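[1] I would like to see how this sequence folds:
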Amino acid sequence: MTATAAPTAAPFRFFDVQVVRTLRLGPSMLRITFTGERLAELASGGRDQRFKLFLPQPHQAAPVFDDMGDGWYAAWRGQDPAERPLMRSYTIREQRHDPAEFDVDFALHGADDPASPGGGPASRWALRARPGDRLTVLAPAVEDNGGVDFRPPPGTDWILLTGDETALPAIAGILAWLSPGTVAKVWIEVGHEGDRQPLPSFADTEVDWLVRDHAAPRHGEPAVDALRAAELPEGTPYAWIAGEAGTVKAVRRHLVGERGFDRRAVKFTGYWRRGASEEELLAELTAAATGTAGK
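    As a prediction, the model looks like this:
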């Protein structure tokens, strides 16, 4: 059953949405545009705005919740895993108000490779998505919300951004948000030449695309190697790093330990981790928060 949605004062609310259209952006990325009756109430903060996307189980036409009120998370955790919606974190790539729509770019992680099918449930769902398919999202109802991490402090002289294709939508949103005159140095790791995208910005940007060598060792660190060889601007930096958790940690270690960045000026987020599903990562975070890790 479906309960009453969270109060309007809550910073995040549930929205029922449906697919409008899909657009292949390159070998590794697929854009899906969503609409919904109440999207005028969705207030993206732009930049790297994240939200929760809930997928139905294969036998369901839409996600099924026991509770969509303030206690939704405990109720969701307590649902039968065979019925519980699959939860994933994504970035609102762009929101429009006339018509009321928003775009989400999905990294496919090889889900469409018949020789070596990969990807997770969200990637596989995205490949099969058709207009009218239904999802539920937990998204912001106020622009200044905890789902925006990119917040350079006063006194920042220049911006450093780095990530892989999973971070590409957030990087694109950040670059579109930056003011004229801002200096931004960007490194983006992708799987194919065809994954490059136009990244419009009013800022003074320099973007280096790092195309992975698929014949190289799986655990290479092209982003770290590129940063080590880079000549960085003078002044006070603010760094934003996202993507695969191991690479994110290595980049942060380089910036703080070898480049002397202030730890407080480095925002880092592991969007995914090799060999781990989001359910496993969520379970780890929950165990750490409740003090049950290792018990």
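[2] just the helices in the stretch 1-150 of the chain please.
    Applying DSSP state H, counting those that start in this stretch to the stretch 1-150 of the chain gives helices spanning 72-78, 121-128.
[3] Including distance to residue 157, could these go into JSON lines?
    In this view, the C-beta of every residue, glycine as well, is placed from N, C-alpha and C. Compiled in JSON lines, those are given as follows (distance: least, CB to CB, whole Å):
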{"stretch": "helix 72-78", "distance to residue 157": "40"}
{"stretch": "helix 121-128", "distance to residue 157": "37"}
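[4] Just name the most buried of these.
    Highest mean neighbour count among the helices of the stretch 1-150 of the chain (mean count of other CB atoms under 10 Å): helix 121-128, with a mean of 18.
[5] which helices and strands does that helix pack with?
    strand 29-35, strand 50-55, strand 86-91, strand 100-107 (3 or more CB pairs under 8 Å, 6 or more residues apart in numbering; DSSP states H and E).
[6] Alpha carbons of it, in CSV - could you do that?
    The C-alpha trace of helix 121-128 is given here as CSV (Å, rounded to 0.1, in the frame of the first residue of the first chain):
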residue,chain,number,x,y,z
PRO,A,121,19.8,-3.1,-11.7
ALA,A,122,19.6,0.6,-12.6
SER,A,123,21.8,0.3,-15.7
ARG,A,124,19.8,-2.6,-16.9
TRP,A,125,16.5,-0.9,-16.2
ALA,A,126,17.7,2.2,-18.0
LEU,A,127,18.5,0.2,-21.2
ARG,A,128,14.9,-1.2,-21.2
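[7] List of residues touching it?
    Applying CB atoms under 8 Å, 6 or more residues apart in numbering, the contact partners of helix 121-128 are 22, 30, 32, 53, 55, 86, 88, 90, 106-109, 111-112, 119.
[8] pLDDT-wise, what's the bottom of the residues you listed?
    Lowest-confidence member of the contacts of helix 121-128: residue 111, scoring 69 (pLDDT).
[9] Throw the helices and strands packed on helix 121-128 into JSON lines and include mean neighbour count and distance to residue 210, thanks.
    Output for these, formatted as JSON lines (neighbours: other CB atoms under 10 Å; distance: least, CB to CB, whole Å):
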{"stretch": "strand 29-35", "mean neighbour count": "21", "distance to residue 210": "16"}
{"stretch": "strand 50-55", "mean neighbour count": "21", "distance to residue 210": "23"}
{"stretch": "strand 86-91", "mean neighbour count": "21", "distance to residue 210": "20"}
{"stretch": "strand 100-107", "mean neighbour count": "22", "distance to residue 210": "15"}
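[10] Let me know which of the ones you listed is the nearest to residue 153.
    Proximity to residue 153 (CB to CB) singles out strand 50-55 among those, at 20.4 Å.
[11] tell me which element residue 239 falls in.
    In the assignment (DSSP states H and E), residue 239 maps to strand 237-244.
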